[in-house]
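> give me a model of this one.
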Amino acid sequence: MPFFFLASFLFMLYASPAFLIPALAVLHPAQVAGIGAMTVLILQKRVWTENWNFVRPEGPLMLLLLAGAALSCLGAFWPKLAVDTTITLVKIGVIYFAIANCVDSASRLKIATLALIAGGLFPAVGTVINYATGNFCNCAEGHRASWIGAYQNPNDLAYSVVILVPLAFQMSRITHWVWKPVFWGILGIYFAAIFATHSRGGLIGAGAVLLLLGLRERGIASKVITACVLAGILTYGLFYWSRSEGFQNLTQDFTAHQRVETIKAGLRMFADYPLLGVGLGCSVVAWPFYAPPDIDFRTSLIIHNTAVQALSEVGLLGFVPFVFFLGAGWFHARRVIKHASPHGIARKYAVALEASLFGFLICGLFGGYVSSWFPYIVVGLISALLGLTRRGGELDEINA
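As a prediction, this is how the structure comes out:
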């Protein structure tokens, strides 16, 4: 039962049913699924006196990050916004622990991965349709498409789809050959959606993910395929880019200038509030106070770099556990890759999750994603995978 709720939540996180069908908004289906997963899991652990899968150091670091976010509310520029954003981060932490404890078998790891991949089709297909029909987002940067709800921002949508690319790629390799064309088609839709957003960070993130996958793959065919797709991305970026801002003359680029200025402002916020920051989510409020006086744009902007955003919003007390949390996830993914069977399923999952985390890090260079769900979900799946391999490497014994 808790895993059913969890898988439903992972699917709805992307599918956004409350936005697709407004009548469902009053029911809060995604929140109900997430709360249901953790509630039933706690009851189950108490009834059957089962031990919690408290992966170290990720588990303690997650708690320290939540504590740092809570403390940042004390001196926040907008306390209500900081409290609301911290509550969101608490929900994210609950889902992390739910994943680490509910995904306790190879079949559940597969279902959780498929739930993310299937849910991701909703924003991806919606974006492609919007682009094809000329329904572009409200921005002055050319023809850029997006979707609804949390995916109205083209950059956020591209980043969320980049996370799914390695999962779909590896799933195409471990499933029966009958299903391989399905996952190839899904990958095609994902890339079409990333292209339709005209997100430079998303395009760079997708290329970086493919490059890492190509380096990790042992088969010649897989290397050739990833190399061809990577070449296609480079060709698209150089010759078919239709957004007004491209990859040339970045020193004269208005949006690139915005990003640099927000990063500088974020560092100034950190210098003034080194321990607790300006409050989780409050860099957007503090921005006008730290923007240069002679700048030609003073509307509220978020810090366009995840590391600087963490420093500015939660200070060192939140930044340190955040960085070490991601680093521990990366270390454990690499550990599974190193010790798993070279052609086993455990290694393929670890390669996919490592690449997803790498995609987050690359996209995080161009956007602020401290309070985003996806890196914590990826690390949660890595924690679950680590627990499975520690229990005898059962993934390599089960046909995915």
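
> Val162 is in contact with Ala206, correct?
Yes: the pair Ala206 / Val162 is scored as a contact, 5.2 Å apart, by CB atoms under 8 Å. For the C-beta atoms, the positions are set from N, CA and C on the backbone; glycine is no exception.

> so what sits against both of these two?
Taking CB atoms under 8 Å, 6 or more residues apart in numbering as the criterion, Ala206 and Val162 both touch 194, 359.

> so between the two, which is more surrounded?
Using other CB atoms under 10 Å, the more surrounded residue of Ala206 and Val162 is Val162, with 31 against 26.

> what is the neighbour count of Ala70?
There are 20 residues near Ala70, going by other CB under 10 Å.

> any idea how far Phe122 lies from Val284?
27 Å (CB to CB, to the nearest Å).

> any low-confidence regions in the stretch 1-150 of the chain?
Counting by pLDDT under 70, the stretch 1-150 of the chain shows low-confidence ranges at 44-52, 138-142.

> helices of that one, residue ranges please.
Counting by DSSP state H, counting those that start in this stretch, the stretch 1-150 of the chain has helices at residues 2-15, 17-20, 29-47, 58-72, 79-102, 106-132.

> distance from the chain centre to the last one, please.
Its chain's C-alpha centre lies 13 Å from the corresponding centre of helix 106-132 when counted by CA atoms, centre = their mean, to the nearest Å.

> just stretch 10-30 next, same as before
19 Å.

> quick check: end-to-end length of it?
Separation of the first and last residues of stretch 10-30 by CA to CA, to the nearest Å is 8 Å.

> give me the contact list for it.
In contact with stretch 10-30 (CB under 8 Å, 6+ apart) are residues 8-9, 33, 112, 115-116, 118-123, 147-151, 160, 373, 377.

> mind listing what's buried in it?
10-19, 29-30 (16 or more other CB atoms under 10 Å).

> and stretch 29-46, by the same measure?
Taking 16+ other CB under 10 Å as the criterion, stretch 29-46 shows 29-30, 33-38, 40-41 as buried.

> pipe the residues you listed into a markdown table and attach distance to Val128 per row.
Shown next, in a markdown table, are those (distance: CB to CB, whole Å):
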| residue | distance to Val128 |
| --- | --- |
| Pro29 | 25 |
| Ala30 | 23 |
| Ala33 | 27 |
| Gly34 | 28 |
| Ile35 | 33 |
| Gly36 | 32 |
| Ala37 | 31 |
| Met38 | 34 |
| Val40 | 37 |
| Leu41 | 36 |
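
> returning to what we had before: same list (the helices of the stretch 1-150 of the chain) but as JSON lines, adding distance to Ser312.
Below are these laid out as JSON lines (distance: least, CB to CB, whole Å):
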{"stretch": "helix 2-15", "distance to Ser312": "26"}
{"stretch": "helix 17-20", "distance to Ser312": "30"}
{"stretch": "helix 29-47", "distance to Ser312": "28"}
{"stretch": "helix 58-72", "distance to Ser312": "10"}
{"stretch": "helix 79-102", "distance to Ser312": "12"}
{"stretch": "helix 106-132", "distance to Ser312": "28"}
